[in-house]
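K.L.:
Predicted model, plus sequence, below.
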Amino acid sequence: MKAARWHGAKDIRVEEIEEPTPGAGEVKLKVAWTGICGSDLHEYLAGPIFVPVGEDHPLSRDQAPITMGHEYCGEITELGEGVEGLQVGDRVAIEPIYACDTCDACREGLYNLCEKLGFMGLSGGHAGFAAYSVVPARMAHKIPDGLSLEQGALVEPSAVALHAVRISQLKAGDKAAVFGAGPIGLLVVEALRIAGASEIHVVEPSETRRARALELGATSVIDPTVEDPVAAIQSATQGGVHVAYEVTGVPQVLSQTIDATRHEGQALIVSIWESEAGFQPNTVVLKERQIKGTIAYRNVYPAVMELMRQGWFSADRLVTKRISLDEIVTEGFEALVAEKSQVKILVKAPD
């Protein structure tokens, strides 16, 4: 079968590999749609970041070259021995987290903070940029009737956004800022609306993405190439927002995110970073601000799909391009680098 495999930075190849077979406790699915994530783009441009090279990942027991793709869904075609609660024909969204279940974080139920954390499609495994995938049954969540398979491919990134807002200190009626209106930033805007933010100020250089942010409910949008985003947010909110979300991974934006908050405000870092970033600690100390990070999600897939059923996180408003697996490099990764108007690109699995 065809699969898109990471061999190195700027080296993703669509090649023929053996079709996987489910083992005990696993399910096999015919992949439908898979989204290209910002983390995938980081691996393409500057990897390895999560991709294990030269040594197997401790949980996936895999190493480069690996099949990529972790934002995906499909239909179950085969059950491994001992699988319960799922049936052939079920449509499922995949929660692609590898966790050990034995470290302190896992024992506390914080499996996204596992000390051996990995992701199907980034840390190995039979992932989504392929015709078929095999995953542990616990990764497969049934998609409710009424939700399309395109929506199924958006469950994973929507879970990132919902989890980020859930673990932040934002309360209903608070003011928020979002730095970056890529796919996750736009989903954070929607999650903030769900959470009851009274104002949402979005900082984004792309005109197309700024327009999309307004469509999704942003109070205002700011072009950081034209005006000082910190000054604009401080002025619009009479002193700063309660929580600012950093969703760019651009080093100079970190200090802006912090400075856009009010006294006792919080800067929540959502991005995965390719390099270090700095800030002046006194900007935190003198205002008793908080800096918090977030990775992935935990225990939110059912909530995300219910919110989707209610009309939130709509594929119609977020997907800007649909391509075939054979086009994944030129029309996928390279398009995301060159065309900042792109938001979410979905890849259709080969037959």
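P.N.:
Sure, I can see it. Numbers count the residues shown, from 1 in each chain.
K.L.:
From now on I want contacts and neighbour counts done on CA atoms only, so please keep to that.
P.N.:
Noted.
K.L.:
Show me where this protein has its helices.
P.N.:
For the chain, helices defined by DSSP state H occupy the ranges 38-46, 104-107, 149-153, 155-167, 183-195, 207-215, 229-236, 251-259, 282-285, 301-309, 315-318, 334-338.
K.L.:
among the ones you listed, which is nearest residue 31?
P.N.:
Nearest to residue 31 among the helices of the chain is helix 149-153 (9.7 Å), distances taken as Cα to Cα.
K.L.:
for the closest one, packing partners?
P.N.:
Applying 3 or more Cα pairs under 8 Å, 6 or more residues apart in numbering; DSSP states H and E, we find helix 149-153 packed against strand 26-35, strand 71-79, strand 91-94.
K.L.:
Other residues contacting that helix?
P.N.:
Residues from elsewhere that reach helix 149-153 (Cα atoms under 8 Å, 6 or more residues apart in numbering): 32-35, 71-74, 91-93, 143, 308, 314-315, 346.
K.L.:
And the buried ones among those residues, selectable in PyMOL?
P.N.:
Here is the PyMOL command that selects the buried residues among the contacts of helix 149-153 (16 or more other Cα atoms under 10 Å):
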select buried, resi 32+33+34+35+71+72+73+74+91+92+93+143+308+314+315+346
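K.L.:
of the contacts of helix 149-153, closest to residue 297?
P.N.:
The shortest gap between residue 297 and any of those belongs to residue 71, at 13.0 Å (Cα to Cα).
K.L.:
so what's that closest one bridging to?
P.N.:
Counting by DSSP bridges, residue 71 is bridged to residue 35.
K.L.:
do the one 5 residues further on as well
P.N.:
Beta-bridge pairing of residue 76, defined through DSSP bridges, involves residue 29.
K.L.:
ok, it - contacts?
P.N.:
Contact partners of residue 76, counting by Cα under 8 Å, 6+ apart, are 27, 28, 29, 30, 87, 88, 89, 90, 91, 92.
K.L.:
can I get those residues in a markdown table with pLDDT and distance to residue 228?
P.N.:
Formatted as a markdown table, the contacts of residue 76 follow (pLDDT from 0 to 100; distance: Cα to Cα, whole Å):
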| residue | pLDDT | distance to residue 228 |
| --- | --- | --- |
| 27 | 98 | 51 |
| 28 | 98 | 50 |
| 29 | 98 | 48 |
| 30 | 98 | 48 |
| 87 | 98 | 54 |
| 88 | 98 | 54 |
| 89 | 98 | 52 |
| 90 | 98 | 50 |
| 91 | 98 | 46 |
| 92 | 98 | 44 |
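K.L.:
Those: which two are farthest apart?
P.N.:
Within those, 30 and 87 form the most distant pair, 13.3 Å apart (Cα to Cα).
K.L.:
who's more crowded, those two?
P.N.:
Set residue 30 next to residue 87 and count neighbours by other Cα atoms under 10 Å: residue 30 wins out with 22 against 15.
K.L.:
what's the residue closest to the geometric middle of this structure?
P.N.:
Centroid-nearest residue in the chain, with Cα atoms, centre = their mean: residue 157, separated by 3.6 Å.
K.L.:
Done for today, thanks.
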